[in-house]
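Participant: when you get a sec, could you give me coordinates for this:
(one chain, ligands or ions: 2)
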Amino acid sequence: MNGDILNKFAETVLNIGVNLQENQGLEIICPVEKSDVAVALTETAYKMKAKTVNVRWDSESVKRLNYLNDSIDTLTDIPKWFIDSKNYLVKKGFCYVAIAAEDPSAFIGVPPEKLAAAAKARGKALKKFYDSVMSNGIRWCVVSVPTEKWAKKVFPASKNPEDDLGRLIAKTMRLDAENPVTEWEKHILNLNKHAEFLNSHNFEYLHFSNAIGTDFTVGLCDDHVWISAQEKAKDGVPFVANMPTEEVFTAPHRLKAEGTVKSAMPLCYEGQIIDGFSLTFKNGKVVDFSAEKGYDTLKHLINTDGGTKRLGEVALIGKNSPIAKSKVLFYNTLFDENASCHIALGEGYPTTVKESETLTKNDLKNKGLNDSIEHVDFMIGTPDLKIDGIKKDKTIVPVFRNGDWII
Ligand code: ZN
Ligand code: ZN
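Facilitator: Ligands and ions are numbered 1, 2, ... in the order given. Have a look, this model is predicted:
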């Protein structure tokens with residue numbers, strides 16, 4: 001990303017993404033090879049009168065060596081200072097920017113049981129922090145920048161894969177516009193229309209079907225609400241948690257999913273690829289699954305805890321979203337999930353249930369919200385996808401035909 005785009009990136013992420021306020025702290029997690037991005041964000045944050053900026057550097061090469069050399073006991077020993085440092089962010093009202101730019105092949109060769117054990121230990125140790133994130137107790141935003149290894153995977157034949165990926169990311173984030181912040185404001189209003197349509201119908205179930213073999217009915221939580229791009233944090237300040245974002249999403253009922261879903265795209269999970277997979281549900285729970293590639297990784301994911309056998313999100317995206325139209329497979333959920341309807345195994349967002357701030361964990365569970373230490377999206381939208389909404393009185397309303405909205 002060149003200087004001009006990088007500045008626009010920082011301004012958009014901090015104004016629209018986390019919506020950084022005066023005298024507020026900011027934490028950034030950034031790949032160590034992209035220090036220029038952290039510097040640009042830090043500079044912009046101070047221009048916006050941030051109280052302080054912390055950067056936490058991340059290196060997949062080091063992580064890979066840790067995974068290969070450390071014992072499972074060591075990998076699952078999460079130090080208290082690390083847990084405290086995360087809870088500190090919530091307590092002190094920081095904003096949180098995570099730069100996700102994983103190399104999809106980063107952990108090939110690492111035993112999946114090591115990755116699974118480490119992910120589980122991290123999920124458990126940071127449960128309090130993740131719960132705050134999921135319920136908007138902190139304003140957070142996940143964004144991406146191109147890294148060399150990731151870009152090569154996306155554009156293997158390109159001479160300058162990093163530049164190509166950078167341009168594409170800039171386009172999907174609307175940074176090619178004169179004023180990206182205004183473009184985002186328009187985009188947010190547009191997505192709200194789809195959410196309003198779904199909320200006005202208050203469907204009890206959605207039925208998905210397509211030619212590759214998806215035939216699947218999912219029930220929605222009692223008092224669910226469809227959300228798009230912009231949400232309000234607990235402090236009342238609006239923010240956008242994912243950039244780019246094209247989705248409208250809500251909470252499935254943890255006990256209501258029946259039938260089979262087939263994956264429409266490979267899933268990159270913990271640096272490993274799961275592809276050509278299908279899941280069969282009964283009473284909301286995965287009872288059977290298969291995968292052409294990454295079967296063991298999928299098995300570990302599903303068996304992480306009781307909640308990873310059930311669903312925590314259902315999200316709708318038309319096949320004409322700018323990311324879908326690019327026809328590029330990013331091997332990165334932040335982008336791929338915005339090209340295709342998806343569902344997620346694991347924890348549901350409390351914010352997708354009406355007045356969740358007044359409800360206890362148990363109330364949310366009774367309404368059907370799923371709880372887990374994981375939340376993993378996978379894509380199920382194909383160009384021929386058909387979705388019907390089914391209301392409480394059994395009326396059927398067409399929502400998608402041929403992979404796109406029909407409203
Ligand atoms: Zn989603
Ligand atoms: Zn998700």
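Participant: is the closest residue to ligand 1 within the stretch 301-407 of the chain bridged to anything, and to what?
Facilitator: Nearest residue of the stretch 301-407 of the chain to ligand 1 (Cβ to the ion) works out as residue 315 at 3.9 Å. C-betas here are computed from N, CA, C, even on glycine. On the basis of DSSP bridges, residue 315 is bridged to residue 249, residue 342.
Participant: that one contacts residue 343, doesn't it?
Facilitator: Yes - between residue 315 and residue 343 there is a contact under Cβ atoms under 8 Å: 7.3 Å.
Participant: near ligand 1, which residues of this structure?
Facilitator: Contact residues, the chain versus ligand 1 (Cβ under 5 Å from the ion): 247, 249, 315, 337.
Participant: could you redo the last one with a cut-off of 8 Å?
Facilitator: Applying Cβ under 8 Å from the ion, we find that the chain lies next to ligand 1 at 242, 247, 249, 313, 315, 337, 342, 344, 377.
Participant: contact partners for the residue of the stretch 301-407 of the chain closest to ligand 1?
Facilitator: 247-250, 337, 341-344, 377 (Cβ atoms under 8 Å, 6 or more residues apart in numbering).
Participant: lowest-confidence entry in those residues?
Facilitator: On pLDDT alone, residue 337 ranks lowest of the contacts of residue 315, at 90.
Participant: helix or strand: which one has the closest residue to that one other than its chain neighbours?
Facilitator: Distances taken as Cβ to Cβ, 6 or more residues apart in numbering place residue 377 nearest to residue 337, at 4.7 Å, with adjacent residues excluded. Assigned by DSSP states H and E, residue 377 belongs to strand 375-379.
Participant: contacts (any at all) between ligand 2 and the longest helix along the chain?
Facilitator: In the chain, with assignment by DSSP state H, the single longest helix is helix 180-201. No - Helix 180-201 does not reach ligand 2 (Cβ under 8 Å from the ion); its nearest approach is 15.4 Å.
Participant: tell me the helices and strands packed up against that helix.
Facilitator: helix 3-12, strand 227-228, strand 248-250 (3 or more Cβ pairs under 8 Å, 6 or more residues apart in numbering; DSSP states H and E).
Participant: next helix or strand past it?
Facilitator: strand 205-209.
Participant: what's the distance between the nearest residue to residue 208 once chain neighbours are set aside and residue 387?
Facilitator: In space, and not counting its chain neighbours, residue 208 is closest to residue 216: 4.7 Å by Cβ to Cβ, 6+ apart. Residue 216 is 10 Å from residue 387, where distance means Cβ to Cβ, to the nearest Å.
Participant: common neighbours of those two, please.
Facilitator: By Cβ under 8 Å, 6+ apart, the residues touching both residue 216 and residue 387 are 207-208.
Participant: and the residue of the stretch 51-200 of the chain found nearest ligand 1, helix, strand or coil?
Facilitator: In the stretch 51-200 of the chain, no residue comes nearer to ligand 1 than residue 142, which is 10.9 Å away by Cβ to the ion. Secondary structure state of residue 142, per DSSP: H, G, I helix; E, B strand; the rest coil, is strand.
Participant: put the buried members of the residues of the chain next to ligand 1 into a ChimeraX selection.
Facilitator: Selecting only the buried entries of the residues of the chain next to ligand 1 in ChimeraX, with 16 or more other Cβ atoms under 10 Å as the criterion:
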select :242,247,249,313,315,337,342,344,377
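Participant: format the residues of the chain next to ligand 1 as TSV; extra columns: distance to ligand 2.
Facilitator: Shown next, in TSV, are these (distance: Cβ to the ion, whole Å):
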residue	distance to ligand 2
242	8
247	8
249	7
313	5
315	7
337	6
342	7
344	4
377	4
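Participant: can you put the residues of the chain next to ligand 1 in TSV and add distance to residue 54?
Facilitator: Shown next, in TSV, are those (distance: Cβ to Cβ, whole Å):
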residue	distance to residue 54
242	22
247	29
249	30
313	29
315	31
337	28
342	32
344	29
377	28
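Participant: for residue 182, state which of the residues of the chain next to ligand 1 is nearest.
Facilitator: residue 242 (19.4 Å; Cβ to Cβ).
Participant: does residue 239 really touch residue 17, like I thought?
Facilitator: Yes - in this structure, residue 239 is within contact of residue 17 by Cβ under 8 Å, at 6.6 Å.
Participant: give me the common contacts of those two.
Facilitator: residue 141.
Participant: show me which of those two is the more surrounded one.
Facilitator: The neighbour count for residue 239 versus residue 17, taken as other Cβ atoms under 10 Å, is higher for residue 17 (26 against 21).
Participant: isn't that one up against residue 244?
Facilitator: No - judged on Cβ under 8 Å, residue 17 makes no contact with residue 244 at a distance of 10.7 Å.
Participant: on that earlier part again, contacting residues around the longest helix of the chain?
Facilitator: 8, 11-12, 15-16, 173-174, 177, 225-230, 240, 245-248, 250, 316, 389, 391, 397, 399, 405, 407.
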